[in-house]
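**Student:** fold the following.
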Amino acid sequence: MSVEQPAGDPPIERVVRTLEETKALIGTELTCGPWYQVPPELIEQFAAATDTRVEPGTDENGREALTVPPSFLLSAGGLIGAGRRGISIDLGGRMTVNLGLNRARFPRPVYTGQRIRLRSTLIDVEEIGDRAVQMTRRQEIDVADDDGEATGEPAMVAETVMRVYF
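**Tutor:** You can find the predicted model right below:
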């Protein structure tokens, strides 16, 4: 497995610690992970562990490849986003809970050997009384073309919902 991270770049450049600062970030891209190349072995292991059927095929350029299952893209955010750079939100809560997804879609396939990265944008912040804050983020997985540039058509777009309890 290969993970590329530019030398000398710190993973997180800024930490936000107040609700006011957090609300001011609505509509802002918080983080962007480094490009990650999807190895066939990882997809085979994922398929075996989850009883997911994965068949060999060819990618957009006719190369032999496996299609990456959408369930892998949903579950691999930590792996794909490792080493991400940008803004972290730490409101000092006692517990953070992943409430799940509002929606998810998969507009294009990803094949083994392709490079992908995770981008996260804050789209909503909601106060739940004085006991919690709920944040919704738009998570996008970009796919790189053969020249290493984002294709402009994401492989996944999902809204994730997290709640921080105080």
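
**Student:** what about Thr96, how many neighbours?
**Tutor:** 15 (other CB atoms under 10 Å). Glycine gets a C-beta too; all of them are placed from N, C-alpha and C.

**Student:** what does Phe72 give?
**Tutor:** 21.

**Student:** could you check the pLDDT of the residue nearest the centre of the chain?
**Tutor:** Central residue of the chain (CA atoms, centre = their mean): Leu118, 3.7 Å from the mean position. In this model, Leu118 is scored at 97, pLDDT.

**Student:** give me the distance between it and Gly27.
**Tutor:** Using CB to CB, to the nearest Å, Leu118 is found at 18 Å from Gly27.

**Student:** right, and the helix or strand after the longest strand seen in the chain?
**Tutor:** Using DSSP state E to define each element, the chain has its longest strand at strand 115-128. The C-terminal neighbour of strand 115-128 among helices and strands, as given by DSSP states H and E, is strand 132-143.

**Student:** hey, what's the angle from that next one to strand 115-128? Just curious.
**Tutor:** Interaxial angle of strand 132-143 relative to strand 115-128 (axes from the mean of the first three to the mean of the last three CA atoms, to 10 degrees): 160 degrees.

**Student:** in strand 132-143, what counts as buried?
**Tutor:** Ala132, Val133, Met135, Thr136, Arg137, Arg138, Gln139, Glu140, Ile141, Asp142, Val143 (16 or more other CB atoms under 10 Å).
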